[in-house]
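Novice: sequence plus the predicted model coming up.
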Amino acid sequence: MPHPDGKMDAQIGLVDAPVTEIAYAKVNVALHVRARRDDGYHALESLFVFAEHGDRLQGQATDDGAIDLAIDGPFGAALGADADNLVVRAARALQAYLGEQRGAAIRLTKYLPVASGIGGGSADAAATLRLLAQLWDVRIEAGELAGLALDLGSDVPACVASVTQMVGGRGERLARHAVDGLEGCPMLLVNPGVGVSTAQIFAGWDRVDRGPLDGSSLEALRDGARNDLEAPALAIAPVIGDVLAMLAVQEDLLLARMSGSGATCFALFRSDRALAAAAQAVRQANPGWWVMETRIRSA
Ligand SMILES: C[C@](O)(CO)[C@H](O)COP(=O)(O)OP(=O)(O)OC[C@H]1O[C@@H](n2ccc(N)nc2=O)[C@H](O)[C@@H]1O
Ligand SMILES: Nc1ncnc2c1ncn2[C@@H]1O[C@H](COP(=O)(O)OP(=O)(O)OP(=O)(O)O)[C@@H](O)[C@H]1O
């Protein structure tokens, strides 16, 4: 366990000062499913943006080789700190790749709902890789890092840089992508409290390729783009329709849509005032829903 004031604690083998990383929430502004691949994954075209907020990871290097994870925060109780946790999986994968003898004590403060389409687990895995690279003072070649990340999940490679990117393949083809008006844009995230399984949602895709994604402007993203996983997600969790209907009627709205495989939906606004008003309206009407006010992270 890291010492609260960051001092060395010889008894449990901590070394160096603690480091903090934010696991930024991922939002799919649009997600076109183009094909089902022979390996069972789906070929996607998706514009990924990241929120300025997310889970928090704090870590300290240890000299005993152990990966010690503690979890707290509003959604901490939804997760175990066992070998399946993506933080532990990422840390073990990096240790194995580096032949690293040192370990780490990591505290994950879980602010993002679990299994909610905003890649909380993927962001945690990527943030763990960034955190440990700092703690252990190692440089990992970009291609090697991308491979390690993809082994942890399709969204993890994009979460490593956590900047606006056009993403292809199953998540391994990344290209930085700028859209006028997107960076810094006020963004509301709303989850109606239902967790959905990504694999189950992909399995419900109707296998109709509705065409490529034009991410050249906000207008193209609003009027010509879509999330192809919205229909199968709505079939499993109809309450997503209530979230989308509520977001659609908010003032000064630029775009509202479901993110990833759901159930979280996002709304982009023209102003901070409109964002705050929408957040208040959603909270008042649905006190049980999770609501986060944020902005799109700049590169
Ligand atoms: C829906 C998205 O979040 C959009 O960003 C991602 O495509 C899913 O990314 P992820 O949660 O990191 O997904 P993974 O952990 O790699 O895969 C979970 C499951 O989702 C399905 N899956 C995932 C990604 C993909 N391109 N095609 C798929 O069919 C597969 O059944 C897979 O077993
Ligand atoms: N640290 C973690 N945070 C969240 N989920 C985790 C973590 N470790 C393991 N998991 C597991 O990973 C699964 C997916 O979690 P995550 O929150 O990333 O889903 P998601 O938001 O739907 O992702 P995506 O947008 O990539 O589909 C959950 O079933 C959860 O039990």
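Specialist: Happy to help now that I have it. Ligands and ions are numbered 1, 2, ... in the order given.

Novice: next, give phi and psi for residue 212.
Specialist: Main-chain torsions, residue 212, degrees, to the nearest 10: phi -70, psi 170.

Novice: nearest spatial neighbour of it, chain-adjacent residues omitted?
Specialist: Of all residues not flanking residue 212 in the chain, residue 45 sits nearest, at 6.1 Å (C-beta to C-beta, 6 or more residues apart in numbering). To be clear about C-beta, it is placed using only N, CA and C from the backbone, and glycine gets the same treatment.

Novice: same deal with residue 204?
Specialist: Spatial nearest neighbour of residue 204, excluding adjacent residues (C-beta to C-beta, 6+ apart): residue 232 at 3.0 Å.

Novice: again with residue 167
Specialist: Per C-beta to C-beta, 6+ apart, closest to residue 167 is residue 46, 4.8 Å.

Novice: re earlier: quick check: pLDDT value at the residue nearest to residue 212.
Specialist: We have a pLDDT of 98 for residue 45.

Novice: now the residue nearest to residue 167: which helix or strand?
Specialist: strand 42-62 (DSSP states H and E).

Novice: may I see the buried residues of that strand?
Specialist: Buried residues in strand 42-62, defined by neighbour count with 16 or more other C-beta atoms under 10 Å: 42, 44-51, 53-62.

Novice: verify the stated contact: the residue nearest to residue 167 with residue 27.
Specialist: No - applying C-beta atoms under 8 Å, one finds residue 46 not in contact with residue 27, separated by 10.1 Å.

Novice: quick one, helices of this protein?
Specialist: Assigned by DSSP state H, the chain shows helices spanning 86-98, 120-135, 142-152, 156-161, 198-203, 218-223, 230-236, 239-248, 272-285.

Novice: count of neighbours near residue 251?
Specialist: 12 (other C-beta atoms under 10 Å).

Novice: state the distance from it to residue 131.
Specialist: The spacing between residue 251 and residue 131, counted by C-beta to C-beta, to the nearest Å, is 40 Å.

Novice: which residues are in contact with the residue nearest to residue 167?
Specialist: 28, 30-32, 166-168, 213 (C-beta atoms under 8 Å, 6 or more residues apart in numbering).

Novice: leaving out sequence neighbours, find the closest residue to residue 251.
Specialist: According to C-beta to C-beta, 6+ apart, the nearest residue to residue 251 is residue 274 (5.5 Å).

Novice: thought that neighbour was touching residue 252?
Specialist: Yes - Residue 274 lies in contact with residue 252 (C-beta under 8 Å); the separation is 3.5 Å.

Novice: these two: who's more crowded?
Specialist: residue 274 (19 against 14).

Novice: residue contacts, the more buried one?
Specialist: 186, 250-253.

Novice: now with 7 Å?
Specialist: Residue 274 sits next to 250-252 when contact means C-beta atoms under 7 Å, 6 or more residues apart in numbering.

Novice: which of those sits closest to ligand 1?
Specialist: Among the contacts of residue 274, residue 250 lies closest to ligand 1 (C-beta to the nearest ligand atom), at 24.3 Å.

Novice: count the residues that sit near that closest one.
Specialist: Neighbours around residue 250, by other C-beta under 10 Å: 18.

Novice: for the protein, name the helix or strand with the lowest mean pLDDT.
Specialist: strand 14-36 (a mean of 94; mean pLDDT, DSSP states H and E).

Novice: and that strand, how far out from the chain middle?
Specialist: Centroid separation for strand 14-36 versus its chain: 4 Å, with C-alpha atoms, centre = their mean, to the nearest Å.

Novice: can it be said to contact ligand 1?
Specialist: Yes - legend: contact between strand 14-36 and ligand 1 by C-beta under 6 Å from any ligand atom is shown at 28, 31.

Novice: just the CA trace of that strand, in CSV.
Specialist: What follows is strand 14-36, C-alpha atoms only, in CSV (Å, rounded to 0.1, in the frame of the first residue of the first chain):
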residue,chain,number,x,y,z
LEU,A,14,8.4,0.6,-1.6
VAL,A,15,10.9,2.6,-3.6
ASP,A,16,10.7,6.0,-5.2
ALA,A,17,7.8,8.5,-5.2
PRO,A,18,4.2,7.7,-6.2
VAL,A,19,3.1,8.5,-9.7
THR,A,20,-0.5,9.3,-10.8
GLU,A,21,-2.1,8.6,-14.2
ILE,A,22,-5.7,9.3,-15.3
ALA,A,23,-7.5,6.6,-17.3
TYR,A,24,-9.4,8.9,-19.6
ALA,A,25,-12.9,7.7,-20.6
LYS,A,26,-13.2,6.8,-24.3
VAL,A,27,-16.1,7.9,-26.4
ASN,A,28,-16.9,6.6,-29.9
VAL,A,29,-18.3,9.6,-31.7
ALA,A,30,-19.3,7.3,-34.5
LEU,A,31,-18.8,3.5,-34.9
HIS,A,32,-19.4,1.8,-38.2
VAL,A,33,-19.2,-2.0,-38.2
ARG,A,34,-18.1,-3.1,-41.7
ALA,A,35,-17.7,-6.8,-41.5
ARG,A,36,-17.4,-9.9,-39.3
